[in-house]
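K.L.:
Below are the sequence and a predicted model; questions follow.
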Protein chains: 2
Amino acid sequence: MTDTDKNTRHQARMTRKKAIIDASIARADQEKGLLLVLTGNGKGKSSSAFGMVGRSLGHGMKVGVCQFLKSRTDTGEEAFFSRDPKVEWHVLGDGFTWETQNREQDIATSQRGWVVAQRMLADPSYAMVVLDELTYLLNYGYLDAEQVLDDIAARPAMQHVVVTGRAASEALRDLADTVSEIADVKHAYRDGIMAQKGVDL
Amino acid sequence: MTDTDKNTRHQARMTRKKAIIDASIARADQEKGLLLVLTGNGKGKSSSAFGMVGRSLGHGMKVGVCQFLKSRTDTGEEAFFSRDPKVEWHVLGDGFTWETQNREQDIATSQRGWVVAQRMLADPSYAMVVLDELTYLLNYGYLDAEQVLDDIAARPAMQHVVVTGRAASEALRDLADTVSEIADVKHAYRDGIMAQKGVDL
C-alpha cells in the first residue's frame, strides 16, 4: 500500500470514528455529582484521586480530602495540595491497623474521622470530597457500612465523591457511577524497590 | 465471641501481619528512577499521573509533562499544576486523530512532540517526566516505538517516567518497573453523564 493509500484509508476510518464518537458525546449531556470508586490491588488509586483534586482546584472548586489510614503528614501530596486555600486536607489515621494492633483504638479513630467526612458530605460548598482508603475501614468493620453509604448517597446533588482502597464492596460498587479496578500487573516493590518520593508518597 | 476475645484475636493477627510487612519493607531497600505504565480502558490513568506530579512538586522536585493528544489548554490540570514554577507543561496534540482525520499531520505533530520529550528524558534536572497518552502514538505508528523505548531506557538513572494510555504494548510493559491495568468496571459516561470539570478535565 502506498503512503497516499494509507492516508486515504486513514481519513475514511477516522471520519467514521468521529461520527460514532460525536453521537456518543451528544448522548452524554447530563451533569451530576458523581461517586467514583478506585479499587483493586494495583498502584494508582490514591494518586488518581489526587489528580482529580488538582483538576478541581484548577477550576476554582473547593475540595475536601480525608486520608483515613495515613498518619504521616510529610507526604508530597499534602505538602503540595495544601498550598491551595480551597483545599481542606485531613490526615485522620493512626497508621495501618497492623501498626496500632489495637482494634478498639482503630474503631475510635475511624469514627472520629467519619465525623469529619460527614460534615463535608453535608455541605454543598465542597464540590469534591476524597475519602482516601475508606474501603479498609468498611472491610474491617470499623465503620457502619450502611451509615457510610447513606451519608454518601444523601450528599448534595452536584458534589463529587472519590473513594479509594482495595476490595470495594458490592454495595459501594452498586452505589457508584464510575468504578475502576486497578490490577497490579507488575510492581517495582516486588523487585526490592522502596516506596519513593513523588511516586508513592 | 465477646468483644475482649475479638480484640485479643485482632491483636494477634495484626502482630503476625506487622512482622510480615516489616520484613517485606526491609527487603525493599533500593531507590531508582522508575518507569510506571498506567494502561487499560478504565478511568484514572491520566489523573493518577497528575497525582504523582503533585506528590513530586510537594517534595520540590522538577517535573515535565507532555500531553500528546490533548489540544485544549483550558483543563483543570494545566491551570492548577502550571502555577508551580517547577513544572513544565506541554500540550502537544491536535486533538484526537478522529478530529484531524489527517494521518500526515498527526505524524508531524507526534514527532514534534517527541522532540520535547526527548529533551526532558536527556536532562537529569527533571525528577519526573509524564508522557500522557503516549501509547496511542505508538499504537497508531505515529512514532518509531523502538526509538521511543530506547530514549526512555537511556534516561538518567534517578528519573521517574509515567506513561499513560490504553493498550500499552508488550515491549513497553517489559521495560516498565510498575504496570497498572485499569479496568472499566462501570463508567458514568455510559449513563449519559458528560465529561465533568474536576473529574475528567
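P.N.:
That came in fine, so what should we check first?
K.L.:
Now tell me what touches the helix ranked longest in chain A from outside.
P.N.:
As assigned by DSSP state H, the longest helix anywhere in chain A is helix A:3-27. With CB atoms under 8 Å, 6 or more residues apart in numbering or on different chains as the contact definition, helix A:3-27 has outside contacts at A:M1, B:F96, B:T97, B:W98, B:E99, B:T100, B:Q101, B:N102, B:R103, B:E104, B:G192, B:M194. Where C-beta positions appear, they are placed from N, C-alpha and C, glycine not excepted.
K.L.:
which residues are contacting the worst-scoring helix or strand of chain A on mean pLDDT?
P.N.:
Between all helices and strands in chain A, the lowest mean by mean pLDDT, DSSP states H and E belongs to helix A:97-100, at a mean of 74. Contact with helix A:97-100 is made by A:S71, A:D94, A:R103, A:D106, A:T109, A:Y136, A:Y140, B:M14, B:T15, B:K17, B:K18, B:I21, as judged by CB under 8 Å, 6+ apart.
K.L.:
For the helix or strand following it, name the packing helices and strands.
P.N.:
Past helix A:97-100, further along toward the C-terminus, the next helix or strand under DSSP states H and E is helix A:103-121. When contacts are defined as 3 or more CB pairs under 8 Å, 6 or more residues apart in numbering or on different chains; DSSP states H and E, helix A:103-121 packs onto strand A:63-67, strand A:87-91, helix A:97-100, strand A:128-132, helix A:134-139, helix A:145-153, helix B:3-27.
K.L.:
Out of these, which is the most enclosed?
P.N.:
strand A:128-132 (a mean of 27; mean count of other CB atoms under 10 Å in any protein chain shown).
K.L.:
Say whether chain B is contacted by that one.
P.N.:
Yes. Residues of strand A:128-132 are located near chain B by CB under 8 Å from any CB of the partner chain, namely A:M128.
K.L.:
Dump that strand to PDB, restricted to CA.
P.N.:
The C-alpha coordinates for strand A:128-132 follow below in PDB (Å, rounded to 0.1, in the frame of the first residue of the first chain):
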ATOM      1  CA  MET A 128     -15.400  17.300  45.600                       C
ATOM      2  CA  VAL A 129     -14.800  15.100  48.700                       C
ATOM      3  CA  VAL A 130     -12.000  12.500  48.600                       C
ATOM      4  CA  LEU A 131     -12.400   9.600  51.000                       C
ATOM      5  CA  ASP A 132      -8.900   8.000  50.700                       C
END
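K.L.:
Direction included, what does it pair against?
P.N.:
Within its sheet, strand A:128-132 is paired with strand A:63-67 (parallel), strand A:160-164 (parallel), according to DSSP bridges.
K.L.:
Export these to TSV and append columns for mean pLDDT.
P.N.:
Shown next, in TSV, are these (pLDDT from 0 to 100):
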stretch	mean pLDDT
strand A:63-67	97
strand A:160-164	98
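K.L.:
And the helices and strands packed on helix A:103-121, which one averages the lowest pLDDT?
P.N.:
Among the helices and strands packed on helix A:103-121, helix A:97-100 carries the lowest mean pLDDT, a mean of 74.
K.L.:
State the separation between that helix and the centre of the chain it belongs to.
P.N.:
On the basis of CA atoms, centre = their mean, to the nearest Å, helix A:97-100 sits 23 Å off its chain's mean C-alpha point.
K.L.:
Over to stretch A:133-144?
P.N.:
Taking CA atoms, centre = their mean, the mean C-alpha location of stretch A:133-144 is offset from the chain mean by 15 Å.
K.L.:
now swap in stretch A:40-59 and tell me
P.N.:
Using CA atoms, centre = their mean, the offset of stretch A:40-59 from its chain centre is 6 Å.
K.L.:
Please see if it touches chain B.
P.N.:
Yes. Counting by CB under 8 Å from any CB, chain B has neighbours in stretch A:40-59: A:40, A:42-59.
K.L.:
Of those, just the buried ones, PyMOL syntax please.
P.N.:
Only the buried members of the residues of stretch A:40-59 next to chain B enter the following PyMOL selection, criterion being 16 or more other CB atoms under 10 Å in any protein chain shown:
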select buried, chain A and resi 40+42+43+44+45+46+47+48+49+50+51+52+53+54+55+56+57+58+59
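K.L.:
Paired strands for the lengthiest strand in chain A, with orientation please.
P.N.:
In chain A, taking DSSP state E as the definition, the longest strand is strand A:178-186. Note on strand A:178-186: by DSSP bridges, its sheet partners are strand A:35-39 (parallel), strand B:178-186 (antiparallel).
K.L.:
Downstream of the first one, the next helix or strand is which one?
P.N.:
The C-terminal neighbour of strand A:35-39 among helices and strands, as given by DSSP H and E, is helix A:45-58.
K.L.:
Right, I'll call it a day here.
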